[in-house]
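1. Build me a structure from this.
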Amino acid sequence: MSETVQQIKEQVMNLARQPTISAPIDTDDESDEDDYILLNVILSGQQKLQAATVKNITEKATDSMV
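-> Here you go, the predicted structure:
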């Protein structure tokens, strides 16, 4: 396995090991629905960032193999 492919595998595995964002502590008197919506927006953004990072790493590896 080439060194570049091994580096990609390690970087992807490191992304998978990153801790996820936990739910915020509810300290206000507002509805829990607001907290739920905010948490979903944050998690969605985190997932998109990870997907974009994996895509970027894969593209770089593909370009370097050509």
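2. What residue, apart from its backbone neighbours, is nearest Ser64 spatially?
-> Distance criterion Cβ to Cβ, 6 or more residues apart in numbering; nearest residue to Ser64, sequence neighbours excluded, is Thr4 at 5.6 Å. (Glycine included, C-beta is placed from N, CA and C.)
3. What are the buried residues along the host helix or strand of the one you found?
-> Here Thr4, judged by DSSP states H and E, is contained in helix 3-17. Neighbour counts over helix 3-17 (16 or more other Cβ atoms under 10 Å) mark 8, 11 as buried.
4. helices or strands next to that helix in the packing?
-> Secondary-structure packing of helix 3-17 (3 or more Cβ pairs under 8 Å, 6 or more residues apart in numbering; DSSP states H and E): helix 32-65.
5. pLDDT weak spots in this structure?
-> Within the chain, the stretches with pLDDT under 70 are 1-2, 16, 18-30, 32, 66.
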